[in-house]
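Q: Whatever this is, show me its structure:
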Amino acid sequence: MSAQATWLPGRRLHLHHGPIDLILQGWGDERALQSGYAAAVARFDTILAELVAELPALRSESAAVTGPTARLMAEAVAPFRPIFITPMAAVAGAVGQTILTAFTRPGITRAYANNGGDIALHLDPGESLSCAVAGTSARVTIHAEDPVRGIATSGWRGRSWSMGIADSVTILAQTAA
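A: The predicted structure follows:
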C-alpha cells in the first residue's frame with residue numbers, strides 16, 4: 001500500500017502509510033498553507049521507505065544512522081545512554097517533527113503534526129495552541145514563548161511498554177522526538 005493523504009473535517013490533513021497515522025493542521029496565509037500541505041505530502045511519500053532502509057540500525061543501541069529523521073531519533077535517545085534504549089523510542093515524534101518541518105514556511109503562524117499522540121508544534125511569536133490531555137478532561141496551552149515544541153502521550157493501551165505503572169503519561173518537551 002502506498003502513502004495516502006485525505007482531508008478531514010476542520011481542514012485537517014490525514015497522512016497514512018503502514019504504521020504511520022498522522023494528522024496535520026495549520027493556520028495562516030492561504031497560499032502558505034497550500035504550499036505547506038503540498039510539501040508535507042511530498043515529504044510523507046518518502047519517509048517510511050527511508051526509515052525501513054535504516055531499520056536494523058534504528059533497532060540497535062549503537063549503530064550509526066544517516067537519514068534526517070533517523071538522526072533526529074538517535075539524537076533524542078542519546079542522553080539516556082548507557083541504559084539500553086534504541087532510536088525507535090523516538091520514531092513517532094521524529095516523524096511528526098519531520099513532516100511539520102516540511103510543512104512550515106513564512107505565513108503559517110501555528111501548526112501541529114500529531115502522529116499517534118506524539119505531537120510536534122510550530123508557533124510564531126504571539127501564537128499559542130491548546131491541546132487536550134488524553135484520557136482526562138484537562139487541557140494544556142503552549143505559548144510561543146514556552147520552550148515546549150513537543151507533546152507525547154503514552155500508556156498501557158498504546159504500543160508502548162508502560163510496565164503497568166500508569167494508564168497514561170503526557171510529557172511536554174523541547175522537541176517532539
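
Q: For stretch 134-148, list every residue counted as buried.
A: 134, 142, 144, 148 (16 or more other Cβ atoms under 10 Å). Where you see a C-beta, it was placed from the backbone N, CA and C, and this is true even at glycine.

Q: from those residues, which is closest to residue 74?
A: Checking the buried residues of stretch 134-148 against residue 74 with Cβ to Cβ, the nearest one is residue 148 at 21.8 Å.

Q: The closest one touches residue 171, doesn't it?
A: No: taking contacts as Cβ atoms under 8 Å, residue 148 lies outside contact range of residue 171: 9.7 Å.

Q: Grab the two from the buried residues of stretch 134-148 that are most spread out in space.
A: 134 and 144 (23.5 Å).

Q: can you count the residues close to the nearest residue to residue 18 once chain neighbours are set aside?
A: Distances taken as Cβ to Cβ, 6 or more residues apart in numbering place residue 48 nearest to residue 18, at 5.4 Å, with adjacent residues excluded. Using other Cβ atoms under 10 Å, residue 48 is surrounded by 17 other residues.

Q: Which residues are in contact with the residue nearest to residue 144 when sequence neighbours are not counted?
A: Leaving aside its chain neighbours, residue 144 sits nearest to residue 123 (4.1 Å; criterion: Cβ to Cβ, 6+ apart). Residues in contact with residue 123 (Cβ atoms under 8 Å, 6 or more residues apart in numbering) are 109, 110, 129, 142, 143, 144, 149.

Q: Mind listing the residues bridging to residue 123?
A: Per DSSP bridges, the residues bridged to residue 123 are residue 110.

Q: Return the set of buried residues in the longest helix along the chain.
A: Criterion DSSP state H: the longest helix present in the chain is helix 30-53. For helix 30-53, the buried set under the neighbour-count rule, 16+ other Cβ under 10 Å, comprises 32, 33, 36, 37, 39, 40, 41, 43, 44, 47, 48, 51.

Q: Perfect, I'm done here.
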